[in-house]
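K.L.:
what follows is a predicted protein model with its sequence.
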Amino acid sequence: MSKPTPDANHSPDSLVSPDSLTTITCTGCPMGCLVSVTQGPGGEWQFSGAQCPRGDIHARQEITHPVRPLTTLIPVRGSRIPLSVKTSQPVPKALFWDFVDQIHRLELERPIHTGDILAENLLGTGIALLATRTLD
Amino acid sequence: MKVMPEKVSLVIIGGGPAGLAAALEAQRQGLTDILLIERDQQLGGILNQCIHTGFGLHYFGEELSGPEYADRFSTAFTTAGIACLLESHVLEITPDRVLTVISPLGIRKIAAGAVILAMGCRERPRGALGIPGTRCAGVLTAGMAQRLLNLQGMMPGQSIVILGSGDIGLIMARRLTLEGAKVEAVVELMPYSSGLTRNVVQCLQDYEIPLLLSHTVVETHGRERLIGVTLAPVHPQSRKPDLAQTRFIACDTLLLSVGLIPENELSLGAGVVLDPATRGPRVDQRLGTSQPGIFACGNVLHVHDLVDDVSREAEQAARSAVAFLNETDLPAPQADFSTGRLPDQHLAAPAGWPFPEQPSLLPILAGPGIRSVVPQLISRDRIPETLRLAFRPARVYRSASICLRDGQGQLIIKSQRRILTPGEEARLTIPASHWPAVTAGHWQLSIEV
């Protein structure tokens, strides 16, 4: 994962102020507003370009603490079918691949039931890993 | 189930989210004689392979993965003790609702008091696109790749090009990246993505996967296995590829995410009239089809964006089916929804569909700017308290109004929208207070800018 790039649906040049540090595509609705992010004299974040307040909220989240849902598969000993899993809450974007590596290192055995906690406090974040299917 | 019954009050075809929600609601309405028929070995349908989250926010108020959403319904279904045939396939439905079913118990006929169609949809295949090139391995639909990866743990390839930016394609771009593949590009014919903005950002931008708008695949290369594809930009209006500007991308896999088609072979056999725009049955507000006692819900009716909407719609179909079984005194719609034949998909605009002058049915036409609308008809003898129309716009509109007008052009209701896009089905609610005196003619839904 890296810095979000401008939405290819739009022509960013005409919408984004030249001194903006980055632009963030709001995912709150299909409008997909491009929010440009700048810093004020005191270092505070400033947002412009969104057509509703959700754009600023989304951009602030993305610039200060971006998170992403994480679902993946883990092979289970003795099962032809891999286990689908999810994290108990979205994971910090900066740690996304670390989470993936950690999760793929788990070794599991049946039986496993939907909702079972497979690992707790991943990477010290307090985020757990949950099974999303049952393998009896 | 040990013995297949000869007669059942309500048969539901399909054990995915639509069928499960319909069965549970029919039981809540007091019906006990219900049979659900599913061709797979397990219930849940396509949800089982959708291991990403984003399901259930509306229905359950929490964000679930596909298997979890399916599990909630299949557990409730099993607990409710509703009869179910797995690994069973309906071969035919007659217009008077006699089903031919092939199952581990043999081939049998079942007479149904009412039928709910909940067979879902399937993906447009390569054959529907006519891409020139060799028929080598490595070209498959995005949903097939999803099934191989998520249910069978098999990687379909290592370097991937995805044609079509529908949500399944976007989600598979992320899934395959996460499992170690390199997604070279997502190629979209239209000048906009047909997927949700959230998926464009979180499945492509996060991983720096290029989205090539107004491009298409013009040739596939490879003898036994795909070795690459040729791309070309397309003209924004005619969408014809410019073969002077082609470009080769090496890849071992081409995924197609180019649309979903409701699976209506059974419906056609039963004489159910289809809508050329949705490619699902034409229904009234009760979700009744042109055949009395046959109802439709979920993706077999029209392709939905959210499973939550499928569940709610299926519950409506179940209530209507139970009401049909209980209220035989009410006149059922006759087989008068149209001329009874499906016109050529490419020639018939929705607005051009011929409507007979039926006093009991009020047609809702898809007017300018509207690709499709559901329901397509209102049964005047059962005017609901509120009517919800689901529709897809024909293109992207910013700052536009949805207008519903009567046959004389009088405005019934107008709703302002900041954005309308074909990638997201929109809804218009008409409260009872807005219902005019329903006269002859039709209503028309349109987008006005």
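P.N.:
Looks like it came in fine.
K.L.:
please parse the chain into its domains.
P.N.:
Since no chain was named, I'll use chain A. If you go by automatic domain parsing, the domain ranges for chain A are A:12-64, A:71-131.
K.L.:
should've been chain B
P.N.:
Domain assignment for chain B, taken from automatic domain parsing, gives B:1-124+B:259-348, B:125-258, B:351-449.
K.L.:
for the helix or strand containing A:Ala119, name the packing helices and strands.
P.N.:
If you go by DSSP states H and E, A:Ala119 is part of strand A:117-122. Packing partners of strand A:117-122 (3 or more C-beta pairs under 8 Å, 6 or more residues apart in numbering or on different chains; DSSP states H and E): helix A:96-104, strand A:127-131. Backbone N, C-alpha and C define where each C-beta goes, glycine included.
K.L.:
that one versus helix A:96-104: what angle between them?
P.N.:
If you take axes from the mean of the first three to the mean of the last three C-alpha atoms, to 10 degrees, strand A:117-122 sits at 140 degrees to helix A:96-104.
K.L.:
what's in contact with strand A:117-122?
P.N.:
Contacts of strand A:117-122 from elsewhere in the structure, counted by C-beta atoms under 8 Å, 6 or more residues apart in numbering or on different chains, are A:74, A:85, A:87, A:91, A:99, A:102-103, A:106, A:108, A:112, A:127-131.
K.L.:
7 Å instead?
P.N.:
Here strand A:117-122 makes contact (C-beta atoms under 7 Å, 6 or more residues apart in numbering or on different chains) with A:Val85, A:Phe99, A:Gln102, A:Leu106, A:Leu108, A:Ala128, A:Leu129, A:Leu130, A:Ala131.
K.L.:
of the residues you listed, grab the buried ones for PyMOL.
P.N.:
Buried residues among the contacts of strand A:117-122 (16 or more other C-beta atoms under 10 Å in any protein chain shown), as a PyMOL selection:
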select buried, chain A and resi 85+99+108+129+130+131
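K.L.:
out of the contacts of strand A:117-122, which one sits closest to B:Gly66?
P.N.:
Nearest to B:Gly66, judged by C-beta to C-beta, of the contacts of strand A:117-122 is A:Val85 at 12.9 Å.
K.L.:
relative to chain B, how far out is that closest one?
P.N.:
8 Å (C-beta to the nearest C-beta, to the nearest Å).
K.L.:
got phi/psi on the residue positioned nearest the centre of chain A?
P.N.:
Nearest to the geometric centre of chain A sits A:Arg68, at 1.2 Å (C-alpha atoms, centre = their mean). According to degrees, to the nearest 10, the main-chain angles of A:Arg68 amount to phi -140, psi 140.
K.L.:
the longest helix in chain B is where?
P.N.:
helix B:307-326 (DSSP state H).
K.L.:
output the helix or strand following it as PDB, nothing but the C-alphas.
P.N.:
Following helix B:307-326 in sequence order, the next helix or strand is strand B:361-366 (DSSP H and E). Below are the C-alpha coordinates for strand B:361-366, written out as PDB (Å, rounded to 0.1, in the frame of the first residue of the first chain):
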ATOM      1  CA  LEU B 361     -52.000  -2.900 -14.500                       C
ATOM      2  CA  LEU B 362     -50.300   0.500 -14.600                       C
ATOM      3  CA  PRO B 363     -47.000   0.300 -16.500                       C
ATOM      4  CA  ILE B 364     -44.000   2.300 -15.200                       C
ATOM      5  CA  LEU B 365     -41.800   3.100 -18.200                       C
ATOM      6  CA  ALA B 366     -38.100   3.700 -18.100                       C
END
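K.L.:
what's strand B:361-366 packed up against?
P.N.:
Packing contacts for strand B:361-366, counted by 3 or more C-beta pairs under 7 Å, 6 or more residues apart in numbering or on different chains; DSSP states H and E, involve strand B:370-374, strand B:377-379, strand B:443-448.
K.L.:
closest to chain A out of the ones you listed?
P.N.:
Chain A sits nearest to strand B:443-448 of all those, at 14.5 Å, using C-beta to the nearest C-beta.
K.L.:
so what's the gap between the closest one and the chain middle?
P.N.:
Between the centre of strand B:443-448 and the centre of its host chain there is 22 Å, according to C-alpha atoms, centre = their mean, to the nearest Å.
K.L.:
strand partners of that strand, parallel vs antiparallel please.
P.N.:
With DSSP bridges as the test, strand B:443-448 is paired with strand B:361-366 (parallel), strand B:397-405 (antiparallel).
K.L.:
that strand vs strand B:370-374, what angle?
P.N.:
140 degrees.
K.L.:
quick check: buried residues in strand B:443-448?
P.N.:
For strand B:443-448, by 16+ other C-beta under 10 Å, it's B:Trp443, B:Gln444, B:Leu445, B:Ser446, B:Ile447.
K.L.:
what's the burial count for the closest residue to B:Gln316 other than its chain neighbours?
P.N.:
In space, and not counting its chain neighbours, B:Gln316 is closest to B:Leu287: 5.8 Å by C-beta to C-beta, 6 or more residues apart in numbering or on different chains. Around B:Leu287 there are 25 other residues, counting by other C-beta atoms under 10 Å in any protein chain shown.
K.L.:
and if you look at B:Gly130?
P.N.:
6.
K.L.:
distance of it from chain A?
P.N.:
26 Å.
K.L.:
confidence score at that residue?
P.N.:
Looking at B:Gly130, its pLDDT is 86.
K.L.:
ok, A:Leu21 next?
P.N.:
Reported pLDDT for A:Leu21: 77.
K.L.:
contacting residues for it?
P.N.:
Applying C-beta under 7 Å, 6+ apart, the residues near A:Leu21 are A:Val37, A:Thr38, A:Gln39.
K.L.:
those residues in strands, which ones?
P.N.:
Cross-referencing the contacts of A:Leu21 against strands under DSSP state E gives A:Val37, A:Thr38, A:Gln39.
K.L.:
for those residues, which one is nearest chain B?
P.N.:
Comparing the ones in strands among the contacts of A:Leu21 against chain B with C-beta to the nearest C-beta places A:Val37 closest, at 14.8 Å.
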